[in-house]
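1. Sequence and computational prediction follow.
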Amino acid sequence: MRRRKIAVAAGCCLAFLLGTLLNVLFIPGSEHPPPPPPRDGAPPSPPGPPPEPPEEEEEAAAAAALARQLQERYEEVLRYRQHRGAAAAGGRRALRPRERRLMDLAPPRSSAEQPRPGAPRSRAAAAAGQPRGRASGELSLEPPLLGCRDIRDVSGVQYLGSGYTKAVYKAVLNRSLAVALKAVDFGGHDVAHCVRQFSALGDCYRLAAYKIVKEMILLQRLRHANVLQLYGYCYQDSNDIPDTLTTITELGSPLEMIQLLQTSWEDRFRICLSLVRLLHYLAHSPLGSVTLLDFRPRQFVIVDGELKVTDLDDASIEESSCTSNSDCFMEFPARNFTLPCSVEGRCQNMNEKRNLYNAYRFFFTYLLPHSAPSSLRPLLDKIVNATGELHWGIDETAAQLERVLNLYKSGEYLQNTTRIPKAEYRRVPEAFIPDENYRCWPSYHHKGCLLSVFDVNEAIEICDSYSQCKAFVLTNQTTWTGRQLVFFKTASNHIMPDPDKITYVKVTD
Ligand SMILES: Nc1ncnc2c1ncn2[C@@H]1O[C@H](COP(=O)(O)OP(=O)(O)OP(=O)(O)O)[C@@H](O)[C@H]1O
């Protein structure tokens with residue numbers, strides 16, 4: 001079972017986090033980075049010297065444990081950097097300078113892997129502007145790549161959030177581009193816990209920074225509309241630690257479930273659809289089937305109404321090995337599943353199914369059926385039930401959600417409903433009613449009743465069903481599905497000219 005993460009209370013650590021980040025951001029990187037500090041986690045000495053006193057033995061054991069963890073994280077990062085096929089076929093190839101830099105956090109194992117003292121620090125940045133071909137195993141950050149110089153003079157720095165390992169800030173670059181800056185949270189649980197255990201800030205920083213390197217590699221390799229975009233990165237010395245890493249990514253807003261529950265079905269459906277498109281991509285990704293081991297809503301952000309995954313440090317491509325079905329046991333708080341063990345000794349589609357069940361329990365049950373158009377309810381209920389029972393894989397689930405989208409966009413979902421208007425309406429072209437608003441739910445406008453409709457008949461149907469509705473105004477604005485936004489009004493006493501709008505006034509009740 002995965003460890004339970006402890007959220008860092010934003011307020012209490014804000015000052016410290018901000019200080020840390022500002023240090024990271026504003027201490028200019030030297031052109032010649034110092035060699036890495038000596039590792040605290042040196043392996044225990046080979047047999048020969050006289051036995052050490054117990055305290056020193058304990059220290060050596062702790063150092064060895066930390067070195068092991070560093071080595072494991074380093075190897076994990078390598079696995080993600082190298083394409084699976086390439087790793088199996090060709091072994092390791094020489095690293096290009098930019099990749100070299102990314103792997104500078106590696107625990108040195110041989111002289112060949114040691115970061116070279118005196119190597120120009122700005123190498124990665126200098127190479128950054130040049131396009132690179134995409135080869136398997138390559139971490140090529142394509143232009144426009146942002147780097148240290150871009151975040152040296154930022155404005156509007158604002159704390160956004162933090163978790164177990166990282167702290168995230170909003171910043172405006174060049175007074176124009178708002179981005180998210182992510183760095184290891186020195187005050188976070190991960191570093192604090194490690195320092196308590198090993199008293200080695202430098203190596204504890206590195207251990208945590210591997211998570212950012214892994215995330216950065218995955219953001220780079222998993223290219224999809226619902227994966228947050230990586231804009232660049234910066235290595236700078238900070239807090240006596242050389243080469244602290246800050247990533248620069250697309251900015252989103254944290255996903256607030258309570259807020260989402262108050263939005264229109266159309267917008268909630270968009271979140272579910274973007275999640276399913278993401279999971280479909282992850283199941284068939286260039287790295288193999290990727291599972292998100294930490295699937296809480298806080299691992300996602302919203303960008304222009306679309307859901308995007310931001311936290312990838314807990315993503316995994318390992319498919320569990322098995323000798324029998326009982327090895328393929330998936331445990332969730334309210335349900336357990338046993339998946340079949342394939343003849344190749346792998347739990348079949350476990351990564352995909354884990355994602356899907358988490359999508360069901362964290363998203364679909366809350367967001368999909370609630371206040372959906374009544375004719376779509378049976379299909380939506382079927383999707384919720386099938387994913388809750390893991391009867392479908394991601395391909396079928398994605399196909400069914402796309403079907404819902406088509407029914408909704410094409411207006412086909414309205415065909416089964418009886419559409420006989422109760423009242424008569426007078427059409428007033430190029431006209432608008434500025435006031436006479438009433439509130440309704442879920443409205444796109446906080447003061448008035450602004451809803452999306454497929455066509456004028458649907459608007460009439462809505463106005464007929466509200467006793468306070470006496471008129472409505474078709475705007476020239478549309479939602480993400482192309483539906484028209486309509487203001488519903490309590491009266492039509494003041495009609496104003498507006499070339500982009502059409503008003504309909506109820507003439508009989
Ligand atoms: N690009 C972004 N735009 C806006 N907010 C973001 C962005 N990336 C992350 N956040 C916010 O910052 C928080 C912490 O980021 P992240 O999840 O990467 O850190 P973490 O330490 O791995 O967290 P956890 O322990 O929950 O896994 C997130 O919960 C999210 O709300």
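-> It's in. Because the structure is a prediction, the values reported are computed rather than measured. Numbers count the residues shown, from 1 in each chain.
2. buried sites along stretch 303-318?
-> For stretch 303-318, the buried set under the neighbour-count rule, 16 or more other CB atoms under 10 Å, comprises 303, 306-317. In this view, the C-beta of every residue, glycine as well, is placed from N, C-alpha and C.
3. Nearest to Gly411 among those residues?
-> Distance to Gly411, by CB to CB, is smallest for Glu306 among those, at 23.1 Å.
4. does Thr387 sit in a helix or strand, and which one?
-> Using DSSP states H and E, Thr387 maps to helix 377-388.
5. The next helix or strand after that helix versus helix 377-388: what angle between them?
-> Later in the chain than helix 377-388, the nearest helix or strand by DSSP H and E is helix 394-410. In terms of direction (axes from the mean of the first three to the mean of the last three CA atoms, to 10 degrees), helix 394-410 departs from helix 377-388 by 160 degrees.
6. and helix 394-410, what does it pack onto?
-> Here helix 394-410 touches helix 265-283, helix 350-359, helix 377-388, going by 3 or more CB pairs under 8 Å, 6 or more residues apart in numbering; DSSP states H and E.
7. Quick one: work out the angle between the longest one and helix 394-410.
-> Pointing back at helix 265-283 there. Using the same axes, to 10 degrees: helix 265-283 against helix 394-410 is 150 degrees.
8. Distance from helix 265-283 to the middle of the chain?
-> Computed by CA atoms, centre = their mean, to the nearest Å, the chain-centroid distance of helix 265-283 equals 12 Å.
9. CA atoms only for that helix - export them in PDB, please.
-> C-alpha atoms of helix 265-283 as PDB (Å, rounded to 0.1, in the frame of the first residue of the first chain):
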ATOM      1  CA  TRP A 265     -23.300  19.200 -16.400                       C
ATOM      2  CA  GLU A 266     -21.700  20.200 -19.700                       C
ATOM      3  CA  ASP A 267     -18.600  21.400 -17.800                       C
ATOM      4  CA  ARG A 268     -18.500  18.400 -15.500                       C
ATOM      5  CA  PHE A 269     -18.800  16.100 -18.500                       C
ATOM      6  CA  ARG A 270     -15.900  17.900 -20.000                       C
ATOM      7  CA  ILE A 271     -13.700  17.000 -17.000                       C
ATOM      8  CA  CYS A 272     -14.800  13.300 -17.300                       C
ATOM      9  CA  LEU A 273     -14.200  13.300 -21.000                       C
ATOM     10  CA  SER A 274     -10.700  14.800 -20.700                       C
ATOM     11  CA  LEU A 275      -9.900  12.300 -18.000                       C
ATOM     12  CA  VAL A 276     -11.000   9.400 -20.100                       C
ATOM     13  CA  ARG A 277      -9.000  10.700 -23.100                       C
ATOM     14  CA  LEU A 278      -6.000  11.000 -20.800                       C
ATOM     15  CA  LEU A 279      -6.400   7.500 -19.500                       C
ATOM     16  CA  HIS A 280      -6.900   6.100 -23.000                       C
ATOM     17  CA  TYR A 281      -3.600   7.800 -24.000                       C
ATOM     18  CA  LEU A 282      -1.800   6.500 -20.900                       C
ATOM     19  CA  ALA A 283      -3.000   2.900 -21.600                       C
END
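10. bridging residues for the closest residue to Arg354 other than its chain neighbours?
-> Nearest residue to Arg354, sequence neighbours excluded (CB to CB, 6 or more residues apart in numbering): Thr291, at 5.1 Å. Counting by DSSP bridges, Thr291 forms beta bridges with Ser316.
11. residue boundaries of the helices in the stretch 151-300 of the chain?
-> 189-198, 201-221, 257-261, 265-283 (DSSP state H, counting those that start in this stretch).
12. Please name whichever of those is nearest to Cys328.
-> That would be helix 265-283 among the helices of the stretch 151-300 of the chain, by CB to CB, at 16.8 Å.
13. re earlier: using TSV, please lay out the helices and strands packed on helix 394-410 together with distance to the ligand, mean pLDDT and mean neighbour count.
-> Output for the helices and strands packed on helix 394-410, formatted as TSV (distance: least, CB to the nearest ligand atom, whole Å; pLDDT from 0 to 100; neighbours: other CB atoms under 10 Å):
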stretch	distance to the ligand	mean pLDDT	mean neighbour count
helix 265-283	15	97	22
helix 350-359	14	97	23
helix 377-388	24	97	17
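14. for those, which one sits closest to Gly188?
-> helix 350-359 (23.8 Å).
15. by contact count, what packs against that closest one?
-> helix 265-283, strand 291-292, strand 329-331, helix 377-388, helix 394-410.
16. number of nearby residues for whichever residue of the stretch 151-300 of the chain sits closest to the ligand?
-> Residue nearest to the ligand within the stretch 151-300 of the chain: Gly163 (1.7 Å; CB to the nearest ligand atom). Neighbourhood size, Gly163 [other CB atoms under 10 Å]: 21.
17. one step back: my guess is the residue nearest to Arg354 contacts Ser320. True?
-> No. Look at Thr291 against Ser320 with CB atoms under 8 Å: they stay out of range, at 9.9 Å.
18. Buried residues, stretch 240-247. List them.
-> 241-247.
19. Stretch 72-82 too?
-> Neighbour-count burial for stretch 72-82 [16+ other CB under 10 Å]: 73-74, 76-77, 79-82.
20. From these, pick the one nearest His284.
-> Closest approach to His284 among these (CB to CB): Tyr80, at 17.1 Å.
21. Now that closest one. Its backbone dihedrals?
-> Dihedral pair for Tyr80: phi -80, psi -30, per degrees, to the nearest 10.
22. ok, it - contacts?
-> Going by CB atoms under 8 Å, 6 or more residues apart in numbering, Tyr80 touches 214, 217-218, 221, 287, 317.
23. now with 6 Å?
-> Going by CB atoms under 6 Å, 6 or more residues apart in numbering, Tyr80 touches 214, 217.
24. Also Met216?
-> Counted by CB under 6 Å, 6+ apart, Met216 has contacts Thr247.
25. Mind doing that once more with 10 Å?
-> 77, 80-81, 102, 139, 141, 182, 230, 232-233, 245, 247, 249, 312-313 (CB atoms under 10 Å, 6 or more residues apart in numbering).
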